[in-house]
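> Structure, please.
(one chain, ligands or ions: 3)
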Amino acid sequence: MQRILVTGGAGFLGSHLCDRLIRDGHDVLCVDNYFTGSKRNIAHLIGHPSFELMRHDVTFPLYVEVDRIFNLACPASPVHYQHDPVQTTKTSVHGAINMLGLAKRVNARILQASTSEVYGDPEVHPQQEGYWGRVNPIGIRSCYDEGKRCAETLFFDYHRQHALDIKVVRIFNTYGPRMHPNDGRVVSNFIVQALRGQDITIYGDGQQTRSFCYVDDLLEAMTRMMDTEAGFTGPINIGNPGEFTMLELAEKVLQLVGGRSQLVFQPLPSDDPRQRQPDITLAREKLGWEPKVALEDGLKETIAYFRTLLAEDRA
Ligand code: NAD
Ligand code: UDP
Ligand code: UDP
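Ligands and ions are numbered 1, 2, ... in the order given. Purely as a prediction, here's the structure:
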């Protein structure tokens with residue numbers, strides 16, 4: 001049994017991670033400022049003897065005693081991270097410094113939730129961990145991409161300079177229940193639009209690709225990474241190599257939800273990557289892991305979640 005801090009624990013991935021860690025017998029301290037997360041995601045854990053919840057912004061110092069830290073605090077969808085871009089960079093950079101300072105003081109192992117966005121709009125395909133990326137430093141996505149890149153730099157410098165026990169995972173697009181219904185990400189947008197019978201908004205020509213990983217697969221890899229031997233730092237890609245165009249995704253969602261939504265085309269946001277697919281050779285080797293949930297099965301679970309959520313909100 002360990003005392004584990006999860007920052008961003010009331011968010012989509014963080015709340016599933018809290019569930020998983022408690023199920024595995026650990027004590028969990030969930031820290032969140034509720035910027036994009038919600039108490040609804042962790043309401044079922046309140047009162048559990050192994051669960052503690054703290055409202056706190058990771059850009060401020062945090063003094064607690066823990067054995068391990070999962071640092072997930074950071075808005076992940078472009079709509080949210082572009083809402084207050086300065087705060088987004090602060091969350092990644094000051095948040096990383098504070099959590100690393102905490103890890104250093106209490107000698108805790110610390111894992112950073114990094115992102116495939118560190119590769120930017122990549123010129124190699126699929127992306128391997130050794131690829132340095134092609135990121136615009138001054139664009140509208142930079143607050144997120146560069147913030148996450150700087151957080152990785154800090155993690156590796158604390159490792160080199162202070163011998164900190166770090167782990168860095170680069171997460172590719174992940175979806176599942178508890179995504180925020182209005183967060184603007186493509187899976188939640190398409191499902192919510194289809195369930196409401198609204199137009200499905202395709203940005204650009206819909207030929208850009210993404211690879212979608214179901215949340216359960218992602219958490220399996222993330223927790224395995226946390227348990228790897230000291231000295232194995234990553235970075236390591238986690239994602240599902242199955243690659244789809246946004247048009248294919250829209251058609252799949254429509255087919256599963258039914259209804260009469262039409263596809264409409266809207267302008268492509270600037271700096272939107274053309275294609276993205278993880279090379280997961282390293283994860284296969286080091287974690288003995290690969291994703292198991294097919295897109296169609298994961299979408300069914302996610303659709304069922306949003307169906308209930310929308311019905312509750314109407315009630
Ligand atoms: P999310 O927005 O649902 O969760 C982020 C959580 O962090 C929220 O609960 C939010 O309130 C909290 N938060 C934001 N700023 C904070 C701050 N300053 N202090 C404390 N809490 C703060 O997003 P998610 O999809 O669950 O993403 C979790 C992590 O995984 C993020 O770091 C994200 O960058 C990373 N990630 C996610 C994906 C994905 O596809 N979901 C892909 C790559 C990386
Ligand atoms: N910090 C924290 N909790 C701790 C220890 C440190 O939030 O338990 C913060 C502290 O505010 C500091 C940052 O982490 O600004 C970096 O700490 P470190 O010890 O690396 O640097 P220093 O304190 O020397 O600036
Ligand atoms: N997208 C879309 N319609 C939407 C929302 C997003 O076509 O309603 C596109 C978006 O332009 C991008 C892809 O879907 O090419 C994935 O977007 P998301 O914001 O989910 O993730 P990211 O771009 O950060 O990978």
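
> in a helix, that's where Ile202 is, yeah?
No: counting by DSSP: H, G, I helix; E, B strand; the rest coil, Ile202 falls outside a helix, being strand.

> Tell me what Val169 is bridged to.
Beta-bridge partners for Val169, by DSSP bridges, are Ala113, Ile236.

> Looking at the stretch 1-150 of the chain, which residue is nearest ligand 2?
Gly101 (2.0 Å; CB to the nearest ligand atom). Yep, even glycine has a C-beta here, placed from its N, CA and C like the rest.

> neighbouring contacts of the helix or strand harbouring that residue?
Here Gly101, judged by DSSP states H and E, is contained in helix 85-106. Residues from elsewhere that reach helix 85-106 (CB atoms under 8 Å, 6 or more residues apart in numbering): 5, 7, 35, 57-67, 69, 71, 73-75, 81-82, 108-110, 112, 140, 142-144, 146-148, 150-151, 154-155, 158, 162, 164-165.

> So which residues on the stretch 51-200 of the chain come close to ligand 2?
Residues of the stretch 51-200 of the chain lying near ligand 2 by CB under 6 Å from any ligand atom: 61-63, 97-98, 101-102, 104-105.

> And those, which of them are buried?
Neighbour-count burial (16 or more other CB atoms under 10 Å) is assigned, among these, to 62, 97-98, 101-102.

> Identify the farthest-apart pair in those residues.
Leu62 and Ile97 (11.2 Å; CB to CB).

> so what's the spatially most distant residue from the centre of the chain closest to, chain neighbours aside?
Distance from the centre of the chain peaks at Arg260, with 31.0 Å (CA atoms, centre = their mean). Distances taken as CB to CB, 6 or more residues apart in numbering put Gly197 closest to Arg260, at 6.2 Å, once the chain neighbours are dropped.

> Quick one: neighbours of that neighbour, just the number.
By other CB atoms under 10 Å, the residues close to Gly197 number 12.

> Need the per-residue pLDDT for it.
Here, the pLDDT recorded for Gly197 equals 96.

> same check, this time on Gly259
84.

> just the one 3 residues further on next, same as before
Gln262 carries a pLDDT value of 96.

> That one against Ile200, yeah?
Yes: at 7.1 Å, Gln262 counts as touching Ile200 under the criterion of CB atoms under 8 Å.

> Looking at these two, which one has more neighbours?
Ranked by neighbour count (other CB under 10 Å), Gln262 and Ile200 place Ile200 first, with 26 against 10.

> and the helix holding Gly101, average pLDDT?
98.

> got the residue ranges for the helices in the protein?
12-23, 39-42, 78-81, 85-106, 142-162, 186-196, 215-226, 246-257, 281-287, 295-314 (DSSP state H).

> how about the nearest residue to Phe172, chain neighbours excluded?
Phe172 sits nearest to Gly239 (CB to CB, 6+ apart), 2.7 Å away.

> got it, and Leu282?
Leaving aside its sequence neighbours, Leu282 sits nearest to Ile236 (CB to CB, 6+ apart; 5.3 Å).

> quick one: contacts for that neighbour?
129, 168-170, 225, 282-283, 286-287.

> ok, Gly298 - how many residues close by?
24.

> That's all I had, so thanks and see you.
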